[in-house]
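>>> 3D model of this:
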Amino acid sequence: MADNSTLSNIADSLKDQLSDKLAPKKLLSERNLKKKRGAFLTCLLAGLLLMLLAMGAAIAYNATRADLFKAGMDRYVVGQGVLSQRDSDAFVYDTLDYLTGVKTLWEPAVTVAGIRVGVPEAFKAHMATVKGWVESAAAVLLGGAAIALLLLGRSLVGAKGSKQNPFSLSGYYLGAGVPLALALGLGLWGYFGFDTMWAAVHTLLIPDGIFPAGEAIMQLFPVEVFGGYLQPVALTFALCAGIVLVLPLLLWPLSKLLTSRFGKGSGASRRQTSAKTAAKKAPAKRTAAKKTTRGAAD
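As a prediction, the model looks like this:
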């Protein structure tokens with residue numbers, strides 16, 4: 001019953017917002033335009049940022065999972081006879097320890113076809129770039145979450161007695177919908193052509209990670225290994241995105257509650273209060289004037 005009531009309230013709020021858009025006098029009033037624009041833009045930025053954080057969290061969480069890296073290496077490197085199981089396992093954990101900051105140097109000792117493979121300096125520089133991305137992910141996600149919370153907090157408390165909820169559902173869902181559409185597009189691209197998507201990502205974001213496929217070090221990083229991350233990232237993102245999309249079910253009634261308790265008085269109520277105060281002061285002024293007149297007559 002509570003869920004049905006919440007959904008009904010949200011539907012009513014959407015109807016109110018649409019009716020405001022269809023009422024020219026309300027829509028074109030300068031005060032209403034400023035108020036609606038402010039709430040809309042605040043919620044739009046909050047929804048946009050939260051969905052981007054969902055994408056970032058899904059990638060960051062899965063990027064350092066040893067089980068995914070090991071499964072890919074076992075299938076596409078050990079399975080192809082490039083490395084022994086022992087060397088492959090050592091390579092997996094050495095690489096992840098370096099990327100996560102446990103080790104400061106990345107110098108894996110691997111032997112391919114009986115030949116010791118040295119890591120080119122250019123590839124070490126690329127891994128240092130990836131290490132920087134991995135190590136900064138937590139700070140970026142926490143900072144983004146703090147900004148999103150500030151934006152949401154600003155949009156939760158409105159004016160007491162106002163029929164309009166200060167939380168803009170249309171702004172929130174529009175903001176969240178943009179990165180969601182982008183993520184869906186990237187997911188479909190990766191599903192039907194992961195090789196081209198992976199190359200495009202490197203070209204745009206980490207161009208120093210493009211190396212000839214014939215280099216010995218690239219035998220340890222076949223693209224199929226990274227293709228195995230697509231499904232786990234998609235599932236994690238779907239969970240995070242679902243939370244972002246369901247969040248207004250909690251925020252909408254919370255906004256009502258906070259507004260009723262901590263919201264500032266509306267402009268109309270303030271004017272009424274001022275009028276009552278002025279009305280109370282008027283008799284006192286008249287009495288003082290009469291006393292002054294009597295005193296002058298005496």
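>>> Could I get the full set of strands for this structure?
Using DSSP state E, the strands of the chain run over residues 110-112, 115-117, 159-160, 264-265.
>>> hey, least reliable of those by pLDDT?
Lowest mean pLDDT of the strands of the chain: strand 159-160, a mean of 50.
>>> got a list of what the residue sitting nearest the centre point of the chain touches?
Taking CA atoms, centre = their mean as the criterion, L50 is the residue nearest the geometric centre of the chain, at 2.0 Å. Applying CB atoms under 8 Å, 6 or more residues apart in numbering to L50 gives the contacts 148, 176, 244, 247. Using the backbone N, CA and C atoms, a C-beta is placed for each residue, glycine as well.
>>> now do T95
So T95 contacts 69, 106, 108, 127 (CB under 8 Å, 6+ apart).
>>> right, and out of the residues you listed, which lies closest to L169?
Nearest to L169 out of the contacts of T95 is F69 (CB to CB; 40.7 Å).
>>> How about that closest one: what's its closest non-neighbour residue?
Sequence neighbours aside, V92 is the residue nearest to F69 in space, at 5.2 Å (criterion: CB to CB, 6 or more residues apart in numbering).
>>> how many neighbours does that neighbour have?
For V92, the count of nearby residues is 21 (other CB atoms under 10 Å).
>>> do I210 as well
10.
>>> same check, this time on L184
13.
>>> per-residue confidence for it?
L184 carries a pLDDT value of 96.
>>> Please report how far it lies from V178.
Distance of L184 to V178, given as CB to CB, to the nearest Å: 11 Å.
>>> and what of F91?
Separation of F91 from V178 (CB to CB) stands at 39 Å.
>>> what does D87 give?
Going from D87 to V178 by CB to CB gives 45 Å.
>>> ok, those two, which is more surrounded?
Neighbour totals were compared for D87 and V178, and D87 leads with 19 against 14 (other CB under 10 Å).
>>> That one reaches V117, doesn't it?
No: using CB atoms under 8 Å, D87 is not in contact with V117; the gap is 10.1 Å.
>>> Ranking by neighbours, what's the top pick from the contacts of T95?
Neighbour-wise, those (other CB under 10 Å) top out at F69, 23 neighbours.
>>> can you pull the contacts of it?
92, 95-96, 225.
>>> now swap in P212 and tell me
Contacts of P212 (CB under 8 Å, 6+ apart): M218.
>>> how far away is it from K124?
16 Å.
>>> next one: L52
Noted for L52: a distance of 30 Å to K124, by CB to CB.
>>> More neighbours: those two, which one.
Each of L52 and K124 has its neighbours counted (other CB under 10 Å); L52 has more, 21 against 15.
>>> And the pLDDT at the spatially closest residue to that one that is not a sequence neighbour?
Spatial nearest neighbour of L52, chain neighbours left out: P179 (5.0 Å); criterion: CB to CB, 6+ apart. pLDDT, P179: 96.
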